[in-house]
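Trainee: Provide a 3D model corresponding to the input given below.
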Amino acid sequence: AELHRRFTERVEGFKVVGIACALAEAAEMVELLEPDLILLDLYFPDGDSFGLLNQVRAAGAETDVILITAAHDVKTLKTAMRNGVFDFIIKPISTARFAECLDKYRNHYARLETRTMLEQGDVDGILHAPVTTGASGEPVAEHLPKGIDALTLDKIRAVFETEPSAEGLSAEDVGARIGVSRSTARRYLEYLVSVCFVRPDLVYGAIGRPERRYAKI
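Mentor: Residues are numbered from 1 along each chain as shown. This is a model prediction of the structure:
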């Protein structure tokens, strides 16, 4: 639990509000603290946590769950999916996989919090991650060109999801928001232009070269 706390607090935007080491304690914390997200180990000293997960769902708590487990069987995964877990992480945990999971959750949360009405494209973007099929027929992650990192790309997408701007954002604006250089932000923005996520525009000032700005399509 302490290790997971350290992992979590290394990821921007997350704060641990409580740690429970027994099911009854966990149930009480969910009720009192009303967390946005629970990192839920499947096995507690006093039993498995599916009963707690059912209790959270039955209570209608607006709490998402990421299940962490040593179980490798498909039945456990199916049960977790039917109970609406956001993600399923198998031990031993990779720090990169853990951080990727929390980044995806933060972006997912931001998308939902900034909308009151949805169109089909919004729903598809929230529920269906981009997936392609490899030569073996197995689904593989979205193919990205060299120099484009998935985590950084998600952060830039989140900027446009959470801060819609009619006049658009420059590469410098975007870089400042996520902590990368103007040239790095520009590279990612041009990729997002190519996949029709943002559209570019030239803004002409009174003096100097026109500024290239980007707005979400």
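Trainee: leaving out sequence neighbours, find the closest residue to the residue nearest the centre of the chain.
Mentor: Closest residue to the average C-alpha location of the chain: Lys104 at 1.4 Å, with CA atoms, centre = their mean. Distance criterion CB to CB, 6 or more residues apart in numbering; nearest residue to Lys104, sequence neighbours excluded, is Asp154 at 6.7 Å. Placement of C-beta: from N, CA and C, glycine included.
Trainee: tell me which residues in the helix or strand encompassing that neighbour are buried?
Mentor: Per DSSP states H and E: Asp154 is located in helix 150-162. Neighbour-count burial for helix 150-162, counted by 16 or more other CB atoms under 10 Å, picks out 152-161.
Trainee: what's it packed up against?
Mentor: Packing partners of helix 150-162 (3 or more CB pairs under 8 Å, 6 or more residues apart in numbering; DSSP states H and E): helix 95-113, helix 171-178, helix 182-194, strand 211-216.
Trainee: just the residues contacting the first one, thanks.
Mentor: Taking contacts as CB atoms under 8 Å, 6 or more residues apart in numbering, the residues outside helix 95-113 that touch it are 4, 7-8, 10-14, 36-37, 64, 66, 86-87, 89, 122, 125-126, 150-151, 154-155, 157-158, 161-162.
Trainee: repeat that for 7 Å
Mentor: Helix 95-113 is contacted from outside by 7-8, 11, 13-14, 36-37, 64, 66, 86-87, 89, 126, 151, 154, 157-158, 161-162, using CB atoms under 7 Å, 6 or more residues apart in numbering.
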